[in-house]
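Enquirer: Return atomic coordinates for the entry below.
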Amino acid sequence: MDSLIPFTTSGSLVDCVDRKMLVILRDGRKLHGVLRSYDQFANLVLEDTVERIYHKNAYAENWHGLFLIRGENVVLIGEVDLDLEDEVPLRRVEYSVLEPYHKNEAAAKKEEEDLKAQVLYEQKGYCREGGEGDGY
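Expert: Numbers count the residues shown, from 1 in each chain. Below is the predicted model:
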């Protein structure tokens, strides 16, 4: 009966080793690379890692190589289907072309999040992110 219980711990990553993975981090970065290792805290080692940024129907890649990711920064991890990846209707451009758009979008998102946090603090009594009680 125990074999019917799904793996919900980092042990469920055992089938993903040596496969191409997409990892989305808390800061919004999207990393593509081959999962080489992990541990019980979901710390990950990616090889041949690229960071992808997107804008409209284009994407760009910035090569990072070997990448160590602390598990607490992982929001999502999933295997990339290599057959379907080639069928995505996006065109690849140079990183320097998309970087200004990406930075502007990130700045606008941060400004919006700061405004939300301000409203929650002033009107609803929530504490600020990174404030008292946030450290551990």
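Enquirer: Who is the residue nearest to the spatial centre of the chain paired with across the strands?
Expert: By C-alpha atoms, centre = their mean, the mean C-alpha position of the chain lies nearest to residue 24, the distance being 1.3 Å. Using DSSP bridges, the beta-bridge partners of residue 24 come out as residue 30, residue 76.
Enquirer: Please enumerate the helices of this protein.
Expert: Taking DSSP state H to define them, one finds helices in the chain at 82-85, 95-124.
Enquirer: I'd like the distance between the closest residue to residue 16 other than its chain neighbours and residue 88.
Expert: Of all residues beyond its chain neighbours, the one nearest residue 16 is residue 35 (5.2 Å), with distances taken as C-beta to C-beta, 6 or more residues apart in numbering. For glycine as for every other residue, the C-beta is placed from the backbone atoms N, C-alpha and C. Residue 35 sits at a distance of 21 Å from residue 88 (criterion: C-beta to C-beta, to the nearest Å).
Enquirer: Give me the contacts around the least confident helix or strand in the chain by mean pLDDT.
Expert: Taking mean pLDDT, DSSP states H and E as the measure, helix 82-85 is the helix or strand of the chain with the lowest mean score, a mean of 88. In this structure, residues lying in contact with helix 82-85 by C-beta atoms under 8 Å, 6 or more residues apart in numbering are residue 20.
Enquirer: Run a quick neighbour tally on residue 91.
Expert: Residues contacting residue 91 under the criterion other C-beta atoms under 10 Å number 9.
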